[in-house]
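Asker: The sequence and its predicted three-dimensional model are supplied below.
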Amino acid sequence: MLLLDDTALTCLLKRDPATAAHAGFGPALGHRLATVAMRARAPGTACGTEEGARMFALLGCAADVAVESGATVGPGDLLLAARGPAAALVSGWQAVQGLIEWASGVAGSTAGIVRAARAANPGIVVACPQKAIPGARPLALKAVTAGGAAMQRGRARDAVLVLAEHRALGGHEGLVARIRQLRAADPGQGIVVEVGSCEDALCAAGYGADTVQLARMTPAEVAATARALAAGWNGELVVTGSIAEDMAAAYATSGAHVLSTSAPYHSAPEEIEVAFEAG
């Protein structure tokens, strides 16, 4: 499944031409044919191979996807191969490599967090926020999904999110008024309130929030908040932050229903080996 259209992929090809082609080496190859193969250097989760194949196709080359996004790969596994005019392959391989490396890095990081969280709590939902790196949201969505997580949403798809920054302008009184206003305007609409303390979480739940989102709280603080909310509130508790694999289990067993982490967006790209052959 392609989540980047031809316009976006063409922009990537134009923005990131290979150094050799930019220096004039590519055109010097004339009409010679060549093949290029891209392989994983380390264990991981592949992502972006479909987009990579389409990028080569836009350059007039034939490309074969060896593994689909979401597949587990090992060192030396073939990800993508393409054949066509050598100049075209030379002009586009770095852009293709960069896309697949970044997407696979996000997917692999996500997969590690999902494994760690579900090993500790099989029922935990692992998600990533929609606020991804600017300009990279479509590819981030694909990479997160390839890694086994979901994009974060409220319990209702059309939920309204009330952030801590919003509350700072009106205080608790403003929050109460806003929740009542939202509820009156659309009784079926979900209301998500982001908080940073147990006290604020109890207030939000008491005011009628369907989902309470705990931002940048420790596992111990989340656990204490979950216990405090257990009596009399049946809403959804979400913990958010840059939660890496080494902390996933602690948050997964803290009492939250959803673990939403932005950590994969800042993970290191996976390294890909690129090999050319003439003919």
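Answerer: Great, that's in hand.
Asker: can you map out the helices along the stretch 51-200 of the chain?
Answerer: For the stretch 51-200 of the chain, the helices defined by DSSP state H, counting those that start in this stretch occupy 86-120, 137-146, 164-185, 198-207.
Asker: Would you reformat those as JSON lines and include mean pLDDT and mean neighbour count?
Answerer: C-beta coordinates here come from the backbone N, C-alpha and C atoms, glycine included. JSON lines is the format used below for these (pLDDT from 0 to 100; neighbours: other CB atoms under 10 Å):
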{"stretch": "helix 86-120", "mean pLDDT": "97", "mean neighbour count": "24"}
{"stretch": "helix 137-146", "mean pLDDT": "93", "mean neighbour count": "22"}
{"stretch": "helix 164-185", "mean pLDDT": "69", "mean neighbour count": "13"}
{"stretch": "helix 198-207", "mean pLDDT": "90", "mean neighbour count": "19"}
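Asker: Stretch 65-82 spans what distance, first to last residue?
Answerer: Stretch 65-82 stretches 9 Å from its first residue to its last (CA to CA, to the nearest Å).
Asker: Could I get the buried residue list for it?
Answerer: 65-67, 69-71, 73, 77-82 (16 or more other CB atoms under 10 Å).
Asker: What's the mean pLDDT across it?
Answerer: The average of the pLDDT scores along stretch 65-82 is 98.
Asker: okay if I get the helices of the stretch 51-200 of the chain as TSV plus distance to residue 225?
Answerer: Shown next, in TSV, are the helices of the stretch 51-200 of the chain (distance: least, CB to CB, whole Å):
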stretch	distance to residue 225
helix 86-120	18
helix 137-146	26
helix 164-185	15
helix 198-207	4
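Asker: Of all those, which one is nearest residue 277?
Answerer: Ranking those by proximity to residue 277 (CB to CB) places helix 86-120 first, at 10.0 Å.
Asker: Please flag which of the buried residues of stretch 65-82 sit within strands.
Answerer: Judged by DSSP state E, the subset of those located in strands is 65, 73, 78-82.
Asker: Need those in JSON lines (columns: distance to residue 179).
Answerer: Shown next, in JSON lines, are these (distance: CB to CB, whole Å):
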{"residue": "65", "distance to residue 179": "48"}
{"residue": "73", "distance to residue 179": "47"}
{"residue": "78", "distance to residue 179": "54"}
{"residue": "79", "distance to residue 179": "49"}
{"residue": "80", "distance to residue 179": "50"}
{"residue": "81", "distance to residue 179": "55"}
{"residue": "82", "distance to residue 179": "54"}
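Asker: Would you check which pair of the residues you listed lies furthest apart?
Answerer: 73 and 82 (17.8 Å).
Asker: Closest one to residue 45 out of the ones in strands among the buried residues of stretch 65-82, please.
Answerer: The nearest member of those to residue 45, counting by CB to CB, is residue 73 at 7.2 Å.
Asker: right, and that closest one touches residue 38 too?
Answerer: No. Residue 73 lies out of contact with residue 38 (CB atoms under 8 Å); the separation is 11.0 Å.
Asker: Overlap in contacts, those two.
Answerer: Common neighbours of residue 73 and residue 38 (criterion: CB atoms under 8 Å, 6 or more residues apart in numbering): residue 79.
Asker: per the record, what domains does this structure have?
Answerer: 6-108+268-278, 115-266 (the TED database).
Asker: chain center to the last one, what's the gap?
Answerer: Pointing back at domain 115-266 there. 16 Å (CA atoms, centre = their mean, to the nearest Å).
Asker: now do the first one
Answerer: Taking CA atoms, centre = their mean, one finds domain 6-108+268-278 lying 21 Å from the centre of the chain it belongs to.
Asker: Can you give me the end-to-end span of that domain?
Answerer: 28 Å.
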